[in-house]
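> need a 3D model of the following:
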Amino acid sequence: MISLQSWVLICLVSIAAMKIKDSDASMPATLPTQTVTSGSTVEIKVTDDAGTKYRWCVFGIWNADDINPNPWLSDVNNYKGENEVEVIPGTAYDGRVSFFGDLNVGKAWFRITDVKEEDSNRYKMRCNSNQGKFYHPVMELKVLPAEKEWEPLGCYEDSSDRALSFYHGKIKFDDSPGGFKRMFEECKKKQRKKGLNTLEYSTRQNAGHRQKMKK
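The predicted model follows:
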């Protein structure tokens with residue numbers, strides 16, 4: 001007959017074993033940070049090279065205090081080997097999250113389309129293998145504002161008969177033969193379409209300076 005002390009010892013060992021088994025939950029694997037622009041598609045692909053089969057996998061936003069993603073965005077049930085996918089409704093990600101991997105061969109692959117700046121966050125998967133092991137990588141996503149098409153704010157032609165085009169505070173140069181002139185003409189054309197005035201400075205204003213430079 002097992003004594004009370006023996007039962008207590010067995011229970012303590014069992015609890016310790018359970019904690020060791022899932023101890024990685026407190027130190028999740030970190031995937032490379034992805035930095036994209038708004039409107040892009042992000043693929044979070046985690047592959048077990050050994051082809052481990054996963055029973056299930058959940059994907060969502062990660063809070064450091066939680067073992068599981070919170071909130072969940074998608075849940076994949078693979079107990080029958082059919083990758084049954086459920087996308088959690090009622091979130092800001094509705095219609096933008098999908099699963100495109102295969103848990104039968106260790107591919108925990110999720111996708112977020114049309115990402116927004118507010119999607120910048122840390123994301124986590126939590127997957128359980130047929131051997132009862134847990135895998136829970138974390139990835140940080142940074143979403144930058146979408147790049148806007150440059151619009152000319154002003155154009156001018158300098159004393160060397162070169163052209164500079166201003167686009168939202170940035171200057172785009174073309175140093176090829178005749179490039180400055182072409183750039184200036186392009187700038188003026190775009191400004192006319194926008195109904196803006198073109199700023200032109202006659203080369204004659206500095207003709208004297210040019211003559212000195214030639215000497």
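> all helices for this protein, in order.
4-21, 179-194, 207-214 (DSSP state H).
> what is the mean pLDDT for the last one?
Per-residue pLDDT values over helix 207-214 give a mean of 40.
> for the helices of the chain, which has the smallest mean pLDDT value?
For the helices of the chain, mean pLDDT drops lowest on helix 207-214, to a mean of 40.
> low-confidence regions, the chain specifically.
By pLDDT under 70, the low-scoring segments of the chain are 1-28, 147-180, 191, 194-215.
> domain parsing for it?
The record's domain split for the chain, according to the TED database, is 34-144, 150-214.
> quick check: the spatially closest residue to Asp49 that is not a sequence neighbour vs Lys53, distance?
Leaving out its chain neighbours, the residue that sits closest to Asp49 by C-beta to C-beta, 6 or more residues apart in numbering is Gly106, at 7.5 Å. Using the backbone N, CA and C atoms, a C-beta is placed for each residue, glycine as well. Using C-beta to C-beta, to the nearest Å, Gly106 is found at 7 Å from Lys53.
> if you count surrounding residues, which of these two has more?
Gly106 (19 against 16; other C-beta atoms under 10 Å).
> now that one: phi and psi?
Phi and psi for Gly106, reported as degrees, to the nearest 10, are phi 80, psi 20.
> before we move on, what about the one 10 residues further on?
The phi and psi values for Lys116, taken as degrees, to the nearest 10, are phi -120, psi 160.
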